[in-house]
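Student: make a model of this:
(chains A and B)
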Amino acid sequence: MNINLTLIGQAISFAIFVWFCMKFVWPPVIAALEERSKKIADGLEAANRASRDLELAQEKATQTLRESKEQAAEIIEQANKRANQIIDEAKEQALADGKRLRDAAQAEIEQDVVRAKEALRTQVSALALTGAEKILGASVDEKAHSEIVEQLAKEL
Amino acid sequence: MASENLTASSYIQHHLQNLTFGQHPDGSWGIAHGAEEAAAMGFWAIHLDTMLFSIGLGILFLWLFRKAAKKVSVDTPSGLQNFVELMVEFVDKSVKETFHGKNKVIAPLALTIFVWVFLMNLMDLVPVDFLPHLASLLGVPYFRVVPTTDLNATLGMSISVFVLIVYYSIKVKGLGGFVGELTLQPFGKWMMPFNLLLEGVGLLAKPVSLALRLFGNLYAGELIFILIAILPWGIQWALSVPWAIFHILVIVLQAFIFMMLTIVYLSMAHEDH
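Tutor: Sure, this is the predicted structure:
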């Protein structure tokens, strides 16, 4: 068991191996490891963010849906109200129109009645005069007796 | 066994002998035959087998990891990339748990130590006679395949770590701070020599314990494999299989301990007490 030059040879080769490992082996491998761990961390973070975004989007969608439902209900309600209003207005209009038509007809009828009465009265008075003339045999002065005949006509 | 007429002790010695290249005392250069010749070569000799396997395994590690690192993809990691990422992540986590400063060297250093030491330890699970026998067929007399059972290899690494400890201590705390740390505690400035002795021993114990722990564990493990290999061939499996399974734990654990202690020592070097 001799201590000899082997020791120095071994030390030199050791130094060279360490230098080579330090220069050409360690840096690329450790860089790849670090990059991978960074990538994984980034990926996890992105996944977290995505799930958070998804949650937010879902919340927003739900809210929008609720709002639009409310709006739709409101619109339907308004439409119903408006429809009822229109129906009511139409009814009122119809009633008013009917009443007016009826009134007009009534008035016309009354006028006709008055006119007929008038005509009848005139005819009756003429008839009465004629009758009286025939009975009396003489003509009655129309002018002189028109007052009486009027009165008679009015009493009819 | 290399040949039938070997005795048990010479077989063991043969297995524990590195392929040493150096200058013989007579001035000629060559491979040492036997422990005495290797010892006679002194410091200026080199274990060819240790160097071959440690550099080969280091290059295998870097080639494999570089291949994965070149076409690293963020989205679709392939099989090899998964494995490499697993190791890198494991080491990165270990470093971040222990070391809180900023340093670009420590994490790749820890990765290199862990994988490289693990691969060198893994050679222990290759059957003890397999590669040496192949080598002897090629005319190579000695062949130790587990670099971490060579104290030179583990000391070489731990001394490199020690140099880094001293370097970062001085870089972070300044020369004065480092010297102060060695001399002014635990007993205050009137006990400077004593403090220096205590702290110096503590500092030097780090690389020595780091190297000896790894070396001792793997050396003992290999020795047991060698001892099992001396037994009659029919019962070898009954011992070598459980020991190999247990040894899987040991080789990973020792690689982890070497890495972890390196991180701890270097983070201590960065911190003021």
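Student: next up, phi/psi of residue B:21, please.
Tutor: Dihedral pair for residue B:21: phi -110, psi 130, per degrees, to the nearest 10.
Student: could you list the low-pLDDT ranges of the chain?
Tutor: Let's take chain A. Judged by pLDDT under 70, chain A has its weakly predicted residues at A:1, A:137-145, A:156.
Student: that's the wrong chain, I wanted chain B
Tutor: B:1-6, B:273.
Student: contacts only, for the closest residue to chain A within it.
Tutor: Distance from chain A to each residue of chain B (C-beta to the nearest C-beta) is smallest for residue B:156, at 3.0 Å. In short, each C-beta sits where N, CA and C put it, glycine included. Residues in contact with residue B:156 (C-beta atoms under 8 Å, 6 or more residues apart in numbering or on different chains) are A:6, A:7, A:8, A:9, A:10, A:11, A:14.
Student: in a helix, it, correct?
Tutor: Yes. With DSSP: H, G, I helix; E, B strand; the rest coil as the criterion, residue B:156 is located in a helix.
Student: coming back round to it: and the contacts of residue B:156, which are buried?
Tutor: Among these, those scoring as buried are A:6, A:7, A:9, A:10, A:11, A:14 (criterion: 16 or more other C-beta atoms under 10 Å in any protein chain shown).
Student: now the fifth one: closest residue in space that isn't a chain neighbour?
Tutor: Nearest in space to residue A:11, with sequence neighbours left out and distances taken as C-beta to C-beta, 6 or more residues apart in numbering or on different chains, is residue B:156 at 4.2 Å.
Student: now that neighbour: how far from residue A:18?
Tutor: 12 Å (C-beta to C-beta, to the nearest Å).
Student: what is the burial count for residue B:154?
Tutor: 29 (other C-beta atoms under 10 Å in any protein chain shown).
Student: wait, it touches residue B:209, no?
Tutor: No. With contact taken as C-beta atoms under 8 Å, residue B:154 and residue B:209 are classed as non-touching, separated by 10.8 Å.
Student: what's near enough to touch the most centrally placed residue in chain B?
Tutor: Residue closest to the mean C-alpha point of chain B, counted by C-alpha atoms, centre = their mean, is residue B:154 at 3.8 Å. Shown here is residue B:154, whose contacts under the criterion C-beta under 8 Å, 6+ apart are B:148, B:210, B:211, B:212, B:214, B:215.
Student: near chain A, which of the residues you listed show up?
Tutor: Within the set of the contacts of residue B:154, contact with chain A (C-beta under 8 Å from any C-beta of the partner chain) is found for no member.
Student: compare the residues you listed and tell me which has the most neighbours.
Tutor: When neighbours are taken as other C-beta under 10 Å, the top entry among the contacts of residue B:154 is residue B:148 (32 neighbours).
Student: just to be sure, it is in a strand?
Tutor: No. Using three-state DSSP, the secondary structure at residue B:148 is helix, not a strand.
Student: ok, now how distant is it from residue B:133?
Tutor: 21 Å.
Student: and the closest residue to chain B within chain A, what element?
Tutor: Using C-beta to the nearest C-beta, the point where chain A gets nearest to chain B is residue A:10, with a distance of 3.0 Å. With the criterion set as DSSP states H and E, the secondary-structure element containing residue A:10 is helix A:6-20.
Student: likewise for residue B:144?
Tutor: Using DSSP H and E, no helix or strand contains residue B:144.
Student: how about residue A:135?
Tutor: Using DSSP H and E, the element containing residue A:135 is helix A:26-136.
Student: and that helix, what does it pack against?
Tutor: Counting contacts by 3 or more C-beta pairs under 8 Å, 6 or more residues apart in numbering or on different chains; DSSP states H and E, helix A:26-136 packs against helix A:142-155, helix B:48-70, helix B:79-98, helix B:106-122.
Student: distance between it and the chain's centre?
Tutor: 7 Å (C-alpha atoms, centre = their mean, to the nearest Å).
Student: ok so, going back, tilt between the helix holding residue A:10 and helix B:106-122?
Tutor: Here helix A:6-20 runs at 130 degrees with respect to helix B:106-122, directions being taken by axes from the mean of the first three to the mean of the last three C-alpha atoms, to 10 degrees.
Student: which secondary structure elements does helix A:6-20 contact?
Tutor: Partner elements for helix A:6-20 (3+ C-beta pairs under 8 Å, 6+ apart): strand B:45-47, helix B:48-70, helix B:106-122, helix B:151-183.
Student: near chain A, which residues of the stretch 101-250 of chain B show up?
Tutor: Applying the criterion C-beta under 8 Å from any C-beta, the portion of the stretch 101-250 of chain B that neighbours chain A consists of B:104-105, B:107-109, B:111-112, B:116, B:147, B:150-153, B:155-157, B:159-160.
Student: drop anything exposed from the residues you listed.
Tutor: Among these, the ones that count as buried (16+ other C-beta under 10 Å) are B:105, B:107-109, B:111-112, B:116, B:147, B:150-153, B:155-157, B:159-160.
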